[in-house]
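> can't give you the sequence, but here's the structure:
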DNA sequence: CACATAATGTTAGTTTTACTTACATATTGA
DNA sequence: TCAATATGTAAGTAAAACTAACATTATGTG
C-alpha cells in the first residue's frame, strides 16, 4: 500500500530546484509557470512542509527541498536516459518490408524517392521476393502481397484490386490462333527473373501447362519484362493493373485472366498489436499515395 | 523541449515488470488491473514497440521491456527512498506549542490524554510560559495566547472568549470594603507561580497598584492557585472562564474584570502558509474539543 | 475433458488531476 | 519611479487516469 505524492509534482519540483526559477522550469516542461507553481504547492502540502520559497526573481529550495531535489535529479536522469536509449534503438531499427518483385518495380520504385524525401530518417530494408517469407519468424514489419486477402492471424488491408493477366503484343498474334490456355505454349515466354510465379503456377498446371518445361523463355527484370512483352518478344504474366493501360491503348492484348472467382489484389499484411512508428509512417504514406492516384 | 511518456505509465510498467502480473502490480499501486493495463498499452504505443506480452497467468516483459524495467526500478527506488526519508524526518519533528500556564493547567492538561490516545504518533513539545515567544525565531508551530486577536503577520483563530477576572472567596470579604481597584491591596494575593501576569500588569499599574511591591503574596501552581483562592487564601487574577462556574455557584466573587473595551480571549496563533501535518491534526483536535463543550 | 479459477483485454463513462488564462502581487535594476 | 521580470492565485477547461462491467484467455483439477 503506497501513499505517494504525484510524480508530476516531483518532476516539476526537480526542474524548479535545478533552474531556481519557476518560469524556466515551466518552459522545460512545456507548461505555464502557473502549472508548475501549483504542482509545487501541492507537493508542499503533501509533505506538510515548505520546500522552496521565493527569493528575489526566482525561488530557492529550503534545505529539505534541496536534498530532495538532488535525489530526484539522480532518479529522473536514470529515467530520461533509459527512455531515450530505448527510443533511439527503437527508431534506429530499419523498417523491414517484403513484397513481390513486380510490385517493387511497377509501384514502389517510382515513388520511393518521395518517401525518402518526406521521411529521411526512416531506413528501409526492402526484400523483393516472390517467396512468401514468414513475417513473424523473419521479423518483417510489413509484407505487400498478392492474394485474396486471407492471411489469418494478421492485420490485412486491401491496397488495390488486381488479377494475373496473360498478355502479348498484337503483332505476335498474327497467324497464331490462341483459343485455349494450352495454346499459349505456341509462343515464347518473357519472365520476370525475380518472380517465381508461385501464385499462378497452379493455374497453369490446371490447364496442362508445365511452365518449367517451356523452352522458349526470356528472363528479364523489372520494367524490362513489360518492355520486352510490348516489343513482341513473347507472352507474359503480369498483374493486371500494370498492363491495363497498355491493353486499353492497344499495345497489348489480354489472352486470359487468372481469376479464380474470388476477388484478388495487393494487400498490406502486418502483425497485430503495436504498430512501430516507422511502419505507421510508411503505411500512412502508402495510403496517401494510393489516394492521390 | 521534452517529449516524454507519462510518468505514471512508467511507474505502472515498473511494477508490472517486478510482479510479472498486472493484478498484483495494480494492488501495489492501489488501482484496478484495468488501469494498469491501459497504462502499459499507452506506454507501448508511445514507444511504438511491444514491452510485455501475456504469458500464461501473467505477463512477461520483452527484452527491451526488461531492460527498461531494471532502470525504472533503480530510479523509483531512489525516489521512494528520498520521499520516505523526508516524510519520516518531517513527521518525527515534535509539534512545538507554546501557551500560557493557566491555559495549560485549566484547559489542555485535562484533555491531553485524549489527544495522545487519538494521535499516539505525534510528539508534543510543550512550552508553558506566559512570556510571549517569537513563533518564527524560536520555530514554534503554534501559540495559544490571551489577547484581542491582533497578531499581524500570523494566522489567528479565536478559540474562546475570556477576560481577566479578579476574584476572591466571599468569606474573605467579610469586614473589608472593596470599591475601587486600589482597595485590593487590602487583601493578600495568590499568584500562579508560572504566570508573570504580563498581560494585566498595565491594568494594575493604571489603577496605581504596584504588583511587585505587594507583600502578602502566595505563589502556587496550576489548580492549586484556584483552590487556594476558593479556600480564602487571598485574592487572585484568573481568566474569567476558569472561574465563571465558581462565581455562578457562589464559591467566588468577582471584584473587577479587566476588560479594556475590546473583546479579549484565547487565540490560536500560527504561521501563514503550509500547515504541518501534526499541527493540522492538533488544531483539528482542539476545535473538536471546543465544539464538544 | 469440462469446469472452476485466475488471470488479462477492452470499452464506455466518470472522476481526478493537470493545465491555461487572466489578473494580482512582488522584486529588481535602469 | 517605471519597465521588466518574476511569482501567486483563482476560475474554468482540457487531459489523463481510473472504475465498473463484461469478454476473453490460460491453467490446473476432479
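Perfect, thanks for sending it. Quantities reported herein were computed from a predicted structural model and do not represent experimental measurements.
> kindly report the residues of the stretch 1-150 of chain A close to DNA strand C.
When proximity is defined as CB under 7 Å from any atom of the strand, the stretch 1-150 of chain A approaches DNA strand C at A:6-9, A:12, A:29-32, A:34-35, A:38-39, A:42, A:54-57. For glycine as for every other residue, the C-beta is placed from the backbone atoms N, C-alpha and C.
> for residue A:5, give its distance to residue B:162.
41 Å (CB to CB, to the nearest Å).
> in the stretch 101-250 of chain A, which residue sits nearest chain B?
Going by CB to the nearest CB, chain B is nearest to residue A:141 of the stretch 101-250 of chain A, at 10.7 Å.
> give me the number of residues near residue A:185?
19 (other CB atoms under 10 Å in any protein chain shown).
> looks like the residue of the stretch 101-250 of chain A closest to chain B contacts residue A:96 (just checking).
Yes - contact between residue A:141 and residue A:96 holds when scored by CB atoms under 8 Å: they sit 4.9 Å apart.
> only whichever of the residues of the stretch 1-150 of chain A next to DNA strand C are buried, select them in ChimeraX.
If you want just the buried ones from those in ChimeraX, going by 16 or more other CB atoms under 10 Å in any protein chain shown, the selection is:
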select /A:7,8,9,12,29,39,42
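> so where's the stretch 151-293 of chain A shaky on pLDDT?
A:196-202, A:211-213, A:215 (pLDDT under 70).
> which residues of it lie near DNA strand C?
So the stretch 151-293 of chain A never meets DNA strand C (CB under 7 Å from any atom of the strand).
> can you tell me which residues in the stretch 151-293 of chain A are near chain B?
Residues of the stretch 151-293 of chain A lying close to chain B (CB under 8 Å from any CB of the partner chain) are A:273, A:274, A:275, A:276, A:277, A:278, A:280.
> just the buried subset of those residues, please.
The buried subset of these - by 16+ other CB under 10 Å - is A:274, A:275, A:276, A:277, A:278.
> so which of those residues comes closest to DNA strand C?
Distance to DNA strand C, by CB to the nearest atom of the strand, is smallest for residue A:274 among these, at 10.3 Å.
> for the closest one, give me phi and psi.
The phi/psi pair for residue A:274 (degrees, to the nearest 10) reads phi -60, psi 130.
> mind listing which of the residues of the stretch 1-150 of chain A next to DNA strand C are in helices?
A:7, A:8, A:9, A:12, A:34, A:35, A:38, A:39, A:42 (DSSP state H).
> could I get the full set of strands for chain A?
Using DSSP state E, the strands of chain A run over residues A:52-54, A:59-61, A:95-99, A:124-128, A:142-147, A:155-161, A:164-168, A:189-192, A:217-220, A:236-239, A:253-257, A:265-270.
> can you show me the helices along chain A?
Going by DSSP H, chain A shows helices at A:7-19, A:22-28, A:33-47, A:63-92, A:101-103, A:109-118, A:201-206, A:223-230, A:244-248, A:277-292.
> now the ones you listed in JSON lines, please, with extra columns for distance to residue B:115.
Putting the helices of chain A into JSON lines (distance: least, CB to CB, whole Å) gives the following:
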{"stretch": "helix A:7-19", "distance to residue B:115": "31"}
{"stretch": "helix A:22-28", "distance to residue B:115": "39"}
{"stretch": "helix A:33-47", "distance to residue B:115": "23"}
{"stretch": "helix A:63-92", "distance to residue B:115": "26"}
{"stretch": "helix A:101-103", "distance to residue B:115": "81"}
{"stretch": "helix A:109-118", "distance to residue B:115": "70"}
{"stretch": "helix A:201-206", "distance to residue B:115": "90"}
{"stretch": "helix A:223-230", "distance to residue B:115": "92"}
{"stretch": "helix A:244-248", "distance to residue B:115": "91"}
{"stretch": "helix A:277-292", "distance to residue B:115": "59"}
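> closest to residue B:113 out of those helices?
Residue B:113 lies closest to helix A:33-47 among these, at 29.4 Å (CB to CB).
> distance of the residue of chain A positioned farthest from its centre from residue A:44?
Relative to the centre of chain A, the most outlying C-alpha is that of residue A:56, 54.2 Å out, by CA atoms, centre = their mean. According to CB to CB, residue A:56 stands 20 Å off from residue A:44.
> related to what we said a few turns ago, for the residue of the stretch 101-250 of chain A closest to chain B, the count of nearby residues, please.
Neighbours of residue A:141 (other CB under 10 Å): 22.
> residue A:290 now?
12.
> residues in contact with the residue in the stretch 151-293 of chain A that chain B sits nearest to?
Using CB to the nearest CB, residue A:277 is the residue of the stretch 151-293 of chain A that sits closest to chain B, at 4.1 Å. Residue A:277 sits next to A:90, A:91, B:48 when contact means CB atoms under 8 Å, 6 or more residues apart in numbering or on different chains.
> over to residue A:256?
Residue A:256 neighbours (CB under 8 Å, 6+ apart): A:165, A:166, A:181, A:184.
> among those, who's most crowded?
Counting by other CB under 10 Å, top hit in these: residue A:165 with 23 neighbours.
> need the contact partners of stretch A:11-31.
Counting by CB under 8 Å, 6+ apart, A:32-33, A:35-37, A:39-40, A:43, A:51-52, A:55, A:57-61, A:65-66, A:68-70, A:72-73, A:76, B:1-2, B:7 sit against stretch A:11-31.
> avg pLDDT for it?
Here stretch A:11-31 scores 97 as its mean pLDDT.
> nearest residue to residue A:280 in space, please, no chain neighbours.
Spatial nearest neighbour of residue A:280, chain neighbours left out: residue B:48 (7.2 Å); criterion: CB to CB, 6 or more residues apart in numbering or on different chains.
> what's the neighbour count on the one you found?
There are 18 residues near residue B:48, going by other CB under 10 Å.
> OK, contacts around residue A:40?
By CB under 8 Å, 6+ apart, the neighbours of residue A:40 are A:9, A:12, A:13, A:16, A:22, A:51, A:52.
> if we use 7 Å, what do you get?
Taking CB atoms under 7 Å, 6 or more residues apart in numbering or on different chains as the criterion, residue A:40 is in contact with A:12, A:13, A:16, A:52.
> how much space separates residue A:164 from residue A:60?
76 Å.
> these two: which is more packed in?
Neighbour totals were compared for residue A:164 and residue A:60, and residue A:164 leads with 19 against 14 (other CB under 10 Å).
> that one bridge partners, please.
Under DSSP bridges, the beta-bridge partners of residue A:164 are residue A:239.
> do residue A:190 as well
Beta-bridge partners, per DSSP bridges, of residue A:190: residue A:218.
> then residue A:262?
residue A:260.
> just give me the neighbour total for residue A:66.
There are 13 residues near residue A:66, going by other CB under 10 Å.
> tell me the contacts of it?
Per CB under 7 Å, 6+ apart, neighbours of residue A:66: residue A:17.
> model confidence score at residue A:105, please.
Reading off the model, residue A:105 has pLDDT 86.
> now do the residue nearest to it when sequence neighbours are not counted against DNA strand D, distance only.
Spatial nearest neighbour of residue A:105, excluding adjacent residues (CB to CB, 6+ apart): residue A:222 at 4.0 Å. According to CB to the nearest atom of the strand, to the nearest Å, residue A:222 and DNA strand D sit 43 Å apart.
> close to DNA strand D, is stretch A:26-46?
Yes - shown here: stretch A:26-46 in contact with DNA strand D (CB under 7 Å from any atom of the strand) through A:33, A:34, A:37, A:38, A:40, A:41.
> dihedrals phi and psi, residue A:272?
Dihedral angles for residue A:272 - degrees, to the nearest 10 - are phi -70, psi 170.
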